[in-house]
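Asker: Just a sequence and a predicted model for now, questions to come.
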Amino acid sequence: MIDLHTHTSISDGTLSPTELVRAAQEKHLEAVAVTDHDIVDGLPEALAAGREIGLLVIPGVEISADSRAGSMHILGYFIDYRDASFRRALQQLRQYRNERNPKIVAKLNQLGMALSYEEVKAKAGRGAVGRPHFAQVLVEKGYVRSTQEAFDKYLKAGAPAYVDKKRLAPAEAIELIHRAGGLAVMAHPVRLKVRDEQDLAALIQEVVDCGLDGIEAYYSDHSRELTRWLLDMARRFDLLVFGGSDFHGDHKPHIDLGVGRGDLAVPVELLKPIERRLGRSLGDVDGR
Ligand code: AMP
Ligand code: ZN
Ligand code: FE
Ligand code: FE
């Protein structure tokens with residue numbers, strides 16, 4: 001089995017890149033992709049750890065885009081994370097976060113909760129600040145009991161302390177990933193706000209027309225039926241199939257590496273068509 005969707009402490013996970021790669025080996029995974037939000041700074045460390053213990057580590061990133069079905073997350077795989085213009089673009093996306101985050105603090109303060117942005121930033125360490133870091137501070141201060149309660153009561157879209165951030169269009173996110181030599185993949189379609197299967201199929205078609213390369217069919221929150229349906233869509237649109245847990249460590253304790261909520265199983269065979277599309281062996285990935 002493999003896991004192609006994980007977050008480290010460089011974004012809003014809690015394991016360092018090295019710890020994540022070691023955890024993947026302990027779980028006997030055959031490959032793990034690191035897909036932090038808007039940042040690739042954890043990749044050199046993760047790839048080095050993979051080389052050291054002999055585990056295939058795939059460089060990735062996760063970018064949020066704006067779509068008619070709400071926030072659409074696009075995963076980028078095999079991106080050249082050293083590419084200067086790619087790194088600048090990600091820096092700009094993190095800047096949108098920095099513009100949003102103090103506004104979330106102000107709303108939480110108005111709601112009667114005492115916290116500062118400094119405290120939230122401290123949770124992110126050297127990485128990108130995300131809403132799970134706000135949740136962590138709220139839990140530690142006793143305002144809520146869990147990360148999930150923090151999202152449900154305050155942080156999720158439509159909740160009282162929610163603040164939107166600027167996002168790319170799906171076509172722009174895909175182009176960014178392509179220019180960095182990567183494959184662009186639609187993440188967790190289950191999160192998209194669509195009317196029905198037909199509407200989701202139409203949306204996938206629209207994003208395929210923007211150059212989409214693959215789709216995340218296996219995911220912690222996908223039912224067997226949805227996964228099967230997405231595998232059908234992948235055949236229909238000639239999309240590569242991806243899958244992963246969206247592991248965030250202690251920020252999402254109910255999601256475990258590799259197995260998601262317990263029954264996720266992403267087959268290693270997915271790597272073969274990906275390898276064929278890339279036109280090279282993944283065994284000798286050194287970041288690219
Ligand atoms: P941000 O990128 O700062 O907007 O935060 C996005 C992250 O927050 C996602 O990757 C999830 O880890 C988490 N998240 C978003 N919505 C929810 C939700 N409704 N419940 C729990 N976690 C969420
Ligand atoms: Zn996240
Ligand atoms: Fe996501
Ligand atoms: Fe994710």
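Answerer: In hand now; what should we look at? Ligands and ions are numbered 1, 2, ... in the order given.

Asker: from here on, contacts and neighbour counts on C-alpha atoms
Answerer: Will do.

Asker: Tell me which helix or strand comes right after the lengthiest strand in the chain.
Answerer: The residue-count maximum for a strand in the chain (DSSP state E) belongs to strand 56-67. As assigned by DSSP states H and E, the chain's next helix or strand after strand 56-67 is strand 70-77.

Asker: In the following helix or strand past that next one, which residues are buried?
Answerer: Later in the chain than strand 70-77, the nearest helix or strand by DSSP H and E is helix 84-110. By neighbour count with 16 or more other CA atoms under 10 Å, helix 84-110 contains the buried residues 86-87, 90, 93-95, 97, 100-108.

Asker: which one of the residues you listed is nearest residue 128?
Answerer: Nearest to residue 128, judged by CA to CA, of the buried residues of helix 84-110 is residue 94 at 6.8 Å.

Asker: Leaving out chain neighbours, which residue sits closest to that closest one?
Answerer: Using CA to CA, 6 or more residues apart in numbering and skipping the chain neighbours, the partner closest in space to residue 94 is residue 38 (6.4 Å).

Asker: Kindly report the residues of the stretch 51-200 of the chain close to ligand 1.
Answerer: Residues of the stretch 51-200 of the chain lying near ligand 1 by CA under 6 Å from any ligand atom: 130, 131, 132, 148, 151, 156.

Asker: Quick check, pLDDT for the third one.
Answerer: The one in question is residue 132. Looking at residue 132, its pLDDT stands at 95.

Asker: how far away is it from residue 151?
Answerer: Counting by CA to CA, to the nearest Å, the separation of residue 132 from residue 151 is 8 Å.

Asker: Same drill for those two, tell me which one is more crowded.
Answerer: Neighbours were counted for residue 132 and for residue 151 using other CA atoms under 10 Å; residue 132 has more, 23 against 19.

Asker: residues contacting the more buried one?
Answerer: Counting by CA atoms under 8 Å, 6 or more residues apart in numbering, residue 132 touches 12, 147, 251.

Asker: So which of those belong to strands?
Answerer: The strands, defined by DSSP E, take in nothing from those.

Asker: Looking at those, state which has the most neighbours.
Answerer: Within the contacts of residue 132, most neighbours by other CA under 10 Å means residue 12, with 26 neighbours.
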